[in-house]
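Engineer: Any chance you could fold what I've pasted below:
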Amino acid sequence: MKKYKSLIHILGLMLLMSILTSCVNAGLRVINKLGKSGEFQVITDVAYGDNAENKLDIYIPTSKPIKATIVFFYGGCWGNCTDYTKSDYLFVADTLSKQGYAVVIPNYRQYPDVKFNAIIQDATLAVKWSIEHIKEYGVEDDQLFLMGHSSGAHIAAMLTDNEQFLGNQLSHIKGFVGLAGPYDFYPFTDDYMYDLFSPENDYFNALPINFVNGNEPPHLLLHGLKDNTVFLHNPNNLEKKLQANSVEVKKILLEKISHAKILVSISKPFRKNSPVLKHIVKFVDKYSN
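Structural biologist: This is a model prediction of the structure:
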């Protein structure tokens, strides 16, 4: 039995290495295949807007009462780094639905087809659709959490911290979970993220930290100390801004966790001992009624 467990551990480490290095697509296929047998019902390609990319998948737990809904935004440099879609993140829904959460994963238009203004418009529509229609799937509409990884965390933070997008519907959002999110940085080069919200291409408008005013729901900021993609000042600075505005915030810095591993660690091979998942569950359960 001990040899068997050691073999499983070695295979798991090999899988993790393939995901974190050059074989990312192969690694995602493996962990998604493991997640396909999850305890959920999935409704795919639900339209939330008029564009072809405006589709989302809904995962409904079948083995546990539904405690809350998590709308998850995947990353990939807003489309500049990867061409992943919602189906590549089935493993996220598998893990979260097992905890009793309904999960919504939207696609959205990406760069270079569109720029940031259109991306955030799509994300806003996806969340508003979730608020207005999630009850049709047996889920309460005022128990939503926004969650994202990397640039997906940036998108989710924009919707959580900038009231202009959700307006009064922000009251339905019970919390924000950011995994390795860039909240306070200026990465935009040339036309990468131009066409923001003003003809002057004012980068101020693309930074979630600049809109915190005290009306935000609680935040959970998870960040790996081995993250060499999104630097530590992002969660540190957002935490300070939230605290200065009396917003509840919990920042967790995780040792030996890289930019990719913070998300991969919640997949089926690794989630049993994942500190990332434990912190997410503790946070969502605390702030859902």
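
Engineer: Quickly find the element holding residue 56.
Structural biologist: In the assignment (DSSP states H and E), residue 56 maps to strand 55-61.

Engineer: Provide the strand pairings for that strand, with the direction of each partner.
Structural biologist: Strand 55-61 pairs in its sheet with strand 40-47 (antiparallel), strand 101-106 (antiparallel), by DSSP bridges.

Engineer: Please work out which of those is packed deepest.
Structural biologist: Burial of the strands paired with strand 55-61 is given as mean neighbour count (mean count of other CB atoms under 10 Å); strand 101-106 ranks first at a mean of 28. (Each C-beta comes from the backbone N, C-alpha and C, glycine too.)

Engineer: Show which residues not belonging to it make contact with it.
Structural biologist: With contact meaning CB atoms under 8 Å, 6 or more residues apart in numbering, strand 101-106 is reached by 40, 48, 54-61, 66-74, 86, 89, 92-93, 96-97, 122-123, 126, 130, 134, 137, 139, 284.

Engineer: now the strands for the stretch 51-200 of the chain?
Structural biologist: All strands of the stretch 51-200 of the chain, identified by DSSP state E, counting those that start in this stretch, fall at 55-61, 68-73, 101-106, 144-149, 173-179.

Engineer: Which one, of those strands, ends up nearest to residue 166?
Structural biologist: strand 173-179 (7.0 Å; CB to CB).

Engineer: Rounded mean pLDDT for that closest one, please.
Structural biologist: Averaging pLDDT along strand 173-179 gives 98.

Engineer: What's the end-to-end length of stretch 260-276?
Structural biologist: 12 Å (CA to CA, to the nearest Å).

Engineer: Could you do stretch 133-148 as well?
Structural biologist: 21 Å.

Engineer: Summarise which helices and strands the helix or strand hosting residue 284 is packed against.
Structural biologist: Residue 284 belongs to helix 275-287 when assigned by DSSP H and E. Judged by 3 or more CB pairs under 8 Å, 6 or more residues apart in numbering; DSSP states H and E, helix 275-287 is in contact with strand 144-149, strand 173-179, strand 219-224, strand 249-254.
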